[in-house]
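>>> Sequence unavailable; structure follows:
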C-alpha cells in the first residue's frame, strides 16, 4: 500500500513491511563510512531538550523555520517502536536564546507534524496527520497554531481521510495547507485548505489525469497570486511515480509535470520546496525510492533537485555528481540565505547510500558538498547571511538505534 502522507526522513528506522514489500530504510550509525572530499564545516553544538521514551523511539522531523524577530520552530514526531500498532507522539521544538526546548503541541492522540511556517514574530503554523489506531487506519488532518504564547490545535473542515504535508503563509490572514485525501486503501486525491484570517476552508486542488494516488508534499507562496505546490502521483500501487507541480496565479491552479529523473520511481517519492534566492531562482529538493523488482525486492533512495524560475520552467539539477556517489538521500527542505541554498543530505555508493553526513550548497548552478563535523545527522536547517558569512542552525539525530540522541547546533561558511 502506498503511504497516505509524507513522513519526513528518519535517521533511525528499522526495516518495515509495507504491502508485502520489504522497504529498506537502514541508516549507518553516526561517523560510519567516509565523508565527502570537500571543505569541512565546523559544528558548534547547542543544548536541546530530550523527551521521554527516546530509547525506544524513531524521530521524525519536518523543516526548520525561523520567524524574523521571533522563534525558530521544528515540528515532528516520536514513533514508539515498542508499540503495536505503532503510535506517534507529536513534538514541537522552539529555539529560545541558544537552546532548543520542547513546547506542548496540544495535539491529542497518535499524530505527527511535518511542516511549519511563521508569518510573524508571534504567529506560527504547523500541519500533520492524526491516526485513530495503526498508521494504516483512517487519517485526519491536523493544523496547529502558535499565537506567541501557546500552541492550539485546529481541525480543518472535512478532515476525515486527509493527511496534511505542507503549509505556507503570505501574511497572517492568508495561508495555504496542502496534502492528500485518501479515498480508499490504494487511491488518494490532492487536497488543499486556505486560511483567511478567521477560519480554514477546503479548496479544490488538481490531480494529474490517470493518477490513482496523488499527494501534495509541500507548498510555497511568494505572494497572494504566486504559489507553487509540489507533489507526486502514480497510476497504481507499484507503478512508477512521477513528480509534478501545481501553480496558482491568483485565479486558477495549473499542473506542470517535472522532467523525468533516474530515481523518480517506486512508492516513496517526496519533493519539498524551501526558500528562494534573491534573483528569484527557487530550489526544490527531495528523493525517490525505486524498486529492484516490481512487487518485491528492496527500495533504494535517490536524491533529486529542481531549479525553478518564476514564469519559466523546471530544470533538473543533479546532486549525485557533486557528492561523487551514485545515490543520495535528501533529509529535508533546503534553506536559502539570499545567494545560496543549503540542503542537508546523506550520500554513498549503491551498496550503502547513507555513509556520509553533509550539506550541499547551491548557488543557482550546480552543487558543492561540504562535510559537517556533527556527531550525527542533520534533519533540518535554517540559514541566514550577515556580512558575507552564512550561519545555519541545525537539528537532527545521533547515536545508534539502541541509544539514539538528539543534536542541535550551528555551522558557518563564507
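On my side now, so go ahead. Note that the structure is predicted; figures quoted are calculated from it, not measured. Residues are numbered from 1 along each chain as shown.
>>> which residue lies farthest from the center of the chain?
residue 387 (29.4 Å; C-alpha atoms, centre = their mean).
>>> With residue 66 as the reference, measure out to that one.
18 Å (C-beta to C-beta, to the nearest Å). Quick note: C-beta positions are derived from backbone N, CA and C, even for glycine.
>>> and if you look at residue 182?
33 Å.
>>> Which one's more surrounded, the two?
Set side by side, residue 182 and residue 66 show more neighbours around residue 182, with 24 against 17, by other C-beta atoms under 10 Å.
>>> thought that one was touching residue 159?
No: with contact defined as C-beta atoms under 8 Å, residue 182 does not reach residue 159; the gap is 11.5 Å.
>>> Show me what residue 359 bridges to in the sheet.
On the basis of DSSP bridges, residue 359 takes part in beta bridges with residue 344, residue 370.
>>> Based on its surroundings, how many neighbours for it?
Around residue 359 there are 26 residues (other C-beta under 10 Å).
>>> got it, and residue 185?
12.
>>> To which secondary structure element is it assigned?
Using DSSP states H and E, residue 185 sits within no helix or strand.
>>> Quick check on it: phi, psi?
Main-chain dihedrals, residue 185, degrees, to the nearest 10: phi -70, psi -20.
>>> cool, residue 43 as well?
phi -110, psi 130.
>>> Test my guess that it contacts residue 408.
No: under the criterion of C-beta under 8 Å, residue 43 makes no contact with residue 408, lying 10.2 Å away.
>>> Between those two, which is the more surrounded one?
residue 408 (22 against 19).
>>> That one reaches residue 45, doesn't it?
Yes: when contacts are counted by C-beta under 8 Å, residue 408 is listed as touching residue 45 (7.2 Å).
>>> where are the low-confidence patches of the stretch 1-150 of the chain?
Counting by pLDDT under 70, the stretch 1-150 of the chain contains low-confidence ranges at 1-39, 53-57, 81-85, 133-136.
>>> Would you map the strands across it?
16-18, 21-23, 44-46, 57-66, 72-80, 87-96, 99-103, 110-120, 123-131, 139-146 (DSSP state E, counting those that start in this stretch).
>>> will you turn the ones you listed into a markdown table that also has distance to residue 187?
Listed next are the strands of the stretch 1-150 of the chain as a markdown table, based on distance: least, C-beta to C-beta, whole Å:
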| stretch | distance to residue 187 |
| --- | --- |
| strand 16-18 | 16 |
| strand 21-23 | 18 |
| strand 44-46 | 44 |
| strand 57-66 | 25 |
| strand 72-80 | 25 |
| strand 87-96 | 24 |
| strand 99-103 | 36 |
| strand 110-120 | 21 |
| strand 123-131 | 17 |
| strand 139-146 | 14 |
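>>> and the gap between residue 277 and residue 159?
Taking C-beta to C-beta, one finds residue 277 at 35 Å from residue 159.
>>> Next: residue 270.
21 Å.
>>> which of the two has more neighbours?
residue 270 (27 against 23).
>>> Do I have it right that the more buried one meets residue 304?
No: contact between residue 270 and residue 304 fails when scored by C-beta under 8 Å: they sit 9.7 Å apart.
>>> Okay, and the beta partners of residue 381?
Beta-bridge partners, per DSSP bridges, of residue 381: residue 394.
>>> show me the contacts for it.
64, 332, 335, 342, 344, 359, 392, 393, 394, 395 (C-beta atoms under 8 Å, 6 or more residues apart in numbering).
>>> Determine the number of other residues adjacent to residue 186.
14.
>>> For it, which non-adjacent residue is closest in space?
residue 237 (5.3 Å; C-beta to C-beta, 6 or more residues apart in numbering).
>>> Quick check: the one you found is in a strand.
No: assessed with DSSP: H, G, I helix; E, B strand; the rest coil, residue 237 is coil; it does not lie in a strand.
>>> Measure how buried it is and give me the count.
Residue 237, neighbours per other C-beta under 10 Å, totals 16.
>>> returning to what we had before: which residues are common contacts for residue 43 and residue 408?
residue 394.
>>> before we move on, the earlier item: do I have it right that the residue nearest to residue 186 meets residue 187?
No: in this structure, residue 237 is not within contact of residue 187 by C-beta under 8 Å, at 9.5 Å.
>>> tell me, what's touching the two both at once?
212, 213.
>>> of the strands of the stretch 1-150 of the chain, which approaches residue 248 most closely?
Across these, residue 248 has its closest neighbour in strand 110-120 (15.9 Å, C-beta to C-beta).
>>> And the closest one, what does it pack against?
In terms of contacts (3 or more C-beta pairs under 8 Å, 6 or more residues apart in numbering; DSSP states H and E), strand 110-120 is packed against strand 57-66, strand 72-80, strand 87-96, strand 123-131, strand 139-146, strand 162-171.
>>> Can you point out the buried residues in it?
In terms of neighbour count (16 or more other C-beta atoms under 10 Å), strand 110-120 has its buried residues at 110, 111, 112, 113, 114, 115, 116, 117, 118, 119.
>>> Chain neighbours aside, what residue packs nearest to the third one?
The one in question is residue 112. In space, residue 112 is closest to residue 77, 3.2 Å off (C-beta to C-beta, 6+ apart).
>>> Please look at residue 142 and residue 162 and confirm they touch.
No: with contact defined as C-beta under 8 Å, residue 142 does not reach residue 162; the gap is 9.1 Å.
>>> any shared contact partners between these two?
With C-beta under 8 Å, 6+ apart, residue 142 and residue 162 have common neighbours residue 129.
>>> what stretches of the stretch 301-414 of the chain score poorly on pLDDT?
301-303, 310-312, 320-332, 346-356, 400-402.
>>> give me that answer again for 80
The stretch 301-414 of the chain contains residues with pLDDT under 80 at 301-305, 308-313, 317-334, 345-357, 365-366, 375-376, 398-404.
>>> Before I go, just wanted to say thanks for your time.
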